[in-house]
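Enquirer: Return atomic coordinates for the entry below.
(2 chains)
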Protein chains: 2
Amino acid sequence: MRGTIMDYPLTLPTILEHAGRLHGAQEIVSRQPDRSIHRCTFSNFYRRTRLLAEALLKAGLKPGDRVGTLCWNNATHLEAYFGVPCAGGVLHTLNLRLHADELAYIAQHAGDRFLIVDEDLLPILDGFKDKVDFERIFVVRSGGDIPSGMEDYDDLLATATGDFDYPTIDENDACGMCYTSGTTGKPKGVAYSHRGMVLHTFAVIAPDVFGLSMRDCILPIVPMFHANAWGMPVAAVMAGSKIVFTGPHADADSVLELLDNEGVTLTAGVPTIWLPVLDALKRQPQDWSLRPEMKIIIGGSAAPESMIRDFNDMGHQVIHAWGMTEMTPVGTTGVPKPAFDNMTEDEQFTTLAKQGIPLPFVDIRVMGDDGPAPWDGETMGELQVRGPWIASSYYKPEGTIDSWTDDGWFRTGDVVTVDAEGYVKITDRTKDLIKSGGEWISSVDVENALMGHPEIREAAVIAIPHDRWIERPLACVVTEVGSALTAEAVQAFLGETFAKWWIPDAVEFMEEIPRTSTGKFQKTALRTRFADYKLP
Amino acid sequence: MRGTIMDYPLTLPTILEHAGRLHGAQEIVSRQPDRSIHRCTFSNFYRRTRLLAEALLKAGLKPGDRVGTLCWNNATHLEAYFGVPCAGGVLHTLNLRLHADELAYIAQHAGDRFLIVDEDLLPILDGFKDKVDFERIFVVRSGGDIPSGMEDYDDLLATATGDFDYPTIDENDACGMCYTSGTTGKPKGVAYSHRGMVLHTFAVIAPDVFGLSMRDCILPIVPMFHANAWGMPVAAVMAGSKIVFTGPHADADSVLELLDNEGVTLTAGVPTIWLPVLDALKRQPQDWSLRPEMKIIIGGSAAPESMIRDFNDMGHQVIHAWGMTEMTPVGTTGVPKPAFDNMTEDEQFTTLAKQGIPLPFVDIRVMGDDGPAPWDGETMGELQVRGPWIASSYYKPEGTIDSWTDDGWFRTGDVVTVDAEGYVKITDRTKDLIKSGGEWISSVDVENALMGHPEIREAAVIAIPHDRWIERPLACVVTEVGSALTAEAVQAFLGETFAKWWIPDAVEFMEEIPRTSTGKFQKTALRTRFADYKLP
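Expert: Below you'll find the model as predicted:
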């Protein structure tokens, strides 16, 4: 028996219309490249976004055509966030931090037909545009001239009349794309659907996720070219929240000035963004007056517990979030459950430092070697996820893809424990995990313990093949200047925390741990270096 | 181009699993018929609900089979809310306030195969059960014996083992049914879809609608047999909120005791429920200690502005909500927009007394004679709605149905204005509206003004055919004892408020206004009585 309910699609034009009609007076604030502040209203945004959609169609955009953006977080990027999909196109946000060769590959693989680019990012575009078949390039000007062969974004908008009807869009049609650049293989693209984006938006607006209302003011520091800026821009438009954009200026002082001046109630970014902000707040607390109820969402990589404690001491709630490009992207958030009230303060912070509980309709399982692992906070396994905003495949994948299980779950590649309350804790990446005698050892846990030693500056732990135990850990350690630390002393130190079989069989001292271009430890380099290593 | 996102259905089992796994410790509190308090956890609820689903399938429930409930608001009714649809069945909540003949018609028209009934409601069941082909009747016992031919609900659950897999459910399949009994014609059934229910749940959880979190405690006074209790039970299960049920005891003292003892943060009911509660709070404010942040949702019919002011004076926020059985049911909520900050207090309360702004994905239009009316707060027209949780038809309709426009909008039958901020105000029912010379006169506005006269106890205004103006208003007035009010005085009184052409051409004084069984003015009776009325 079917329901007698309308077949009404979940598409972005409905959100745009809702926002334009109901939240027209709400403000959008953008820091410009020259540091000046640009202000407009949702009404302006609504009008210009519809003009963009109409102009793109007039320019020949066909359903499903990709439109790339190479833009900062700003009001015009938000126009593209809605204008492209509301014209039936697919918004492809290009990550300006990537190498020119990667950008060329990604733009070409996605088949980007048009490109919208912020004027001050033209030097980046110059690095790869000759390798991509962009048909037309529209420049969002900030005072300079338009290079030959390119066009003014505002001239594009001027071709529209305002007399515009949305094309028919199926809710399963793509609205956007992002590429994830793994440590191995080519970047892989995810095509977000309108349906998935709408559902994700409803999910993150909920009080126990981001909790967005008309009274909120959001400042997403997470870039709009990265995983839909964790869904915040679309969510803020649907909720009617005030939106503040940093433009190119995401340094601590610029961020703090906006948090203060604009009355931000919710902000979000990776831990490395928050370190200098925390530092500035500690040094000169009197310089900024932040809203005490301001919530800080931290994701991308694990927030240190000390960071959570520091913000907490200042009265701000930190919400740890975890997600992936393949998940639109939010999967879990660490909002305190009622069970927190019965925990000690230490237990509370230990739990807040986990990655959080899954959102409704994010179905999770922890897959160990012997099937699903119990939620006991100890048993490790790979986190696998399903849900209506999670990718089922990559866009035109190249090579072998083993990211989905035979029964249709997405393999996150994260090794986790889940405690009885449902809080997920990432303990490792599957590729970095060490498997000794059938049991798993978390390289991350051992590394964190090592880096807690006063004489150890950096540490990475990798697996070395072993005849009897299959794999055993090797610790790679960088000591502080002047330290005379021995391997035995390091092992004895770890013995205070871990079971004997977790303790690395050997310790190698070195000048530095090799790093990737984004500053992460490059364990692949260590594995190559120690490929023929003989454990004692 | 399709998105590369999983085809993951929006169905209720996902919500049940989420709640059982993540919110197991949360509490469900139910007042029993004997006034005692029953407590259980989401874990209990989860376990028993799965048993119910398994047992129904063992009892032969086929996909789409209807299971009726004749139950109060309590924990076992919540089991049916999820257990029936999670077994692939359709929950049909029977409104125990209806006449036995209506109940018989509705249960038979829906084809209810099984029935779950609270023991203390057996006398109501006796009134109509012989006219319905119930195959099996399960009694939720509260101490008495099971009548012959019926079975114990707990015995049904005992047939289940706990080893249960959900059947495959299409998100467009029906999960529930409600009937709406209009003033004319047979009751009409709406079959809610899983998809619509899930989307409605996401929508009402949002901060600017109900705003439900794990920290909330809800008490829905609105009955679970009425329009899904405004979506609150399903929403609370998804959000992991504590749930408090009144059972059969919705009198002011019983409600206040629960609001106080259980720490309720959100409650909801019709205005007539709140009048005695307000009265008790005013008389003996020291008797109850309510949470100051407790929000009160009022819907079903318009809340008087005085009620909103009174609760506001006590520190509680009143949220006016509007919806319909055909809308799953919530369509608008009156949460204060940022624009409130620039209003005078009087303007704020005038706005709060409106029905609110539409939820995201509730698409509205106001249709006047000349097409869509502007959002100017003055132009009246019929409110028409579209959206993914709004009915597209009735279930097996009988007779002529004119509730949908040719272009697919649901005609609410409400005549409204919408102001520039998007707040909808219901001014009349289409059937009661008076059309004079092509312009509309709101019978409700004139009635409200009349009832503000110190010597007028009741008033109803109806349309009388008119040669020149097509229709003109007639005021039917009941005066206070001893009043010598004249028609001319009444007209002069209205002249202080309204334009000349709004003033009724005649005033008829009478002993009482005829009423329906639910206490509403029965304007049809007045129209019949004055069918041949000659205006002066």
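
Enquirer: contacting residues for the residue of the stretch 101-250 of chain A found nearest chain B?
Expert: Nearest residue of the stretch 101-250 of chain A to chain B, counting by CB to the nearest CB: A:Ser193, 2.7 Å away. For glycine as for every other residue, the C-beta is placed from the backbone atoms N, C-alpha and C. Contacts here follow CB atoms under 8 Å, 6 or more residues apart in numbering or on different chains; on that basis A:Ser193 touches A:Glu171, A:Asn172, A:Asp173, A:Ala174, A:Cys175, B:Arg2, B:Gly3, B:Thr4, B:Ile5.

Enquirer: Could you list everything it pairs with in the sheet?
Expert: A:Ala174 (DSSP bridges).

Enquirer: Assumed A:Ile137 was part of a strand.
Expert: Yes. Under DSSP: H, G, I helix; E, B strand; the rest coil, A:Ile137 falls within a strand.

Enquirer: List the contacts of it.
Expert: A:Phe114, A:Leu115, A:Val117, A:Leu125, A:Lys129, A:Gly149, A:Met150, A:Glu151.

Enquirer: change it to 10 Å
Expert: A:68, A:70, A:114-117, A:122, A:125, A:129, A:146-147, A:149-151, A:153 (CB atoms under 10 Å, 6 or more residues apart in numbering or on different chains).

Enquirer: In terms of helices and strands, where is the residue of the stretch 401-536 of chain A found nearest chain B?
Expert: Closest contact between the stretch 401-536 of chain A and chain B, by CB to the nearest CB, is at A:Gly422 (4.4 Å). Using DSSP states H and E, A:Gly422 sits within no helix or strand.

Enquirer: My read is that it contacts A:Thr332, right?
Expert: Yes. If you go by CB atoms under 10 Å, A:Gly422 and A:Thr332 touch, sitting 8.9 Å apart.

Enquirer: List the residues that contact the residue of the stretch 401-536 of chain A closest to chain B.
Expert: A:332, A:337, A:339, A:354, A:356-358, A:364, A:375, B:18, B:21-24 are the contacts of A:Gly422 under CB under 10 Å, 6+ apart.

Enquirer: Please repeat the previous calculation with a cut-off of 7 Å.
Expert: When contacts are counted by CB atoms under 7 Å, 6 or more residues apart in numbering or on different chains, A:Gly422 touches A:Ile357, A:Pro358, A:Trp375, B:Arg21, B:Leu22.

Enquirer: now swap in A:Glu305 and tell me
Expert: A:Phe349, A:Ala353.

Enquirer: Just the pLDDT for it.
Expert: Turning to A:Glu305, the model gives it a pLDDT of 87.

Enquirer: just A:Ala302 next, same as before
Expert: 81.

Enquirer: distance of it from A:Thr516?
Expert: 17 Å (CB to CB, to the nearest Å).

Enquirer: the more surrounded of the two?
Expert: Neighbours were counted for A:Ala302 and for A:Thr516 using other CB atoms under 10 Å in any protein chain shown; A:Ala302 has more, 18 against 12.

Enquirer: Could you look up the SS state of the closest residue to the more buried one other than its chain neighbours?
Expert: Closest residue to A:Ala302 apart from its sequence neighbours, by CB to CB, 6 or more residues apart in numbering or on different chains: A:Ile426 at 6.6 Å. Using three-state DSSP, the structure places A:Ile426 in strand.

Enquirer: Tell me, how many residues neighbour A:Ile426?
Expert: Around A:Ile426 there are 19 residues (other CB under 10 Å).

Enquirer: what are the bridge partners for it, then?
Expert: Applying DSSP bridges, one finds that A:Ile426 bridges with A:Val416.

Enquirer: in terms of contact, does it touch A:Asp414 like I think?
Expert: Yes. A:Ile426 is within contact range of A:Asp414, at 4.9 Å (criterion: CB atoms under 7 Å).

Enquirer: Could you report the distance from A:Ala55 to A:Leu352?
Expert: Taking CB to CB, one finds A:Ala55 at 46 Å from A:Leu352.

Enquirer: what's the answer for A:Ile426, then?
Expert: A:Ile426 is 14 Å from A:Leu352, by CB to CB.

Enquirer: and what of A:Cys178?
Expert: Relative to A:Leu352, and taking CB to CB, A:Cys178 is found at 28 Å.

Enquirer: thinking again about what came up before, shared neighbours, A:Gly422 and A:Thr332?
Expert: Contacts common to A:Gly422 and A:Thr332, judged by CB under 7 Å, 6+ apart, are A:Ile357, A:Pro358.

Enquirer: Please enumerate the helices of the stretch 1-150 of chain A.
Expert: A:12-22, A:42-58, A:75-86, A:100-110, A:122-126 (DSSP state H, counting those that start in this stretch).

Enquirer: chain center to the longest one: distance?
Expert: Its chain's average C-alpha position is 27 Å from that of helix A:42-58, according to CA atoms, centre = their mean, to the nearest Å.

Enquirer: List the buried residues in that helix.
Expert: Residues of helix A:42-58 classed as buried: A:42, A:44-57 (neighbour count, 16 or more other CB atoms under 10 Å in any protein chain shown).

Enquirer: quick one: the closest residue to A:Gly240 other than its chain neighbours from B:Asp208, how far?
Expert: Spatial nearest neighbour of A:Gly240, chain neighbours left out: A:His23 (3.4 Å); criterion: CB to CB, 6+ apart. Distance, A:His23 to B:Asp208, by CB to CB: 10 Å.

Enquirer: Which neighbours do those two have in common?
Expert: A:Met214.

Enquirer: picking that back up, could I get the contacts of A:Gly422 in a markdown table, plus columns for distance to A:Glu480 and neighbour count?
Expert: Listed next are the contacts of A:Gly422 as a markdown table, based on distance: CB to CB, whole Å; neighbours: other CB atoms under 10 Å in any protein chain shown:
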| residue | distance to A:Glu480 | neighbour count |
| --- | --- | --- |
| A:Ile357 | 38 | 28 |
| A:Pro358 | 40 | 24 |
| A:Trp375 | 39 | 20 |
| B:Arg21 | 45 | 19 |
| B:Leu22 | 43 | 20 |
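
Enquirer: Tell me the residue of the stretch 1-150 of chain A that sits nearest chain B?
Expert: Counting by CB to the nearest CB, the stretch 1-150 of chain A gets nearest chain B through A:Gly3, at 2.6 Å.
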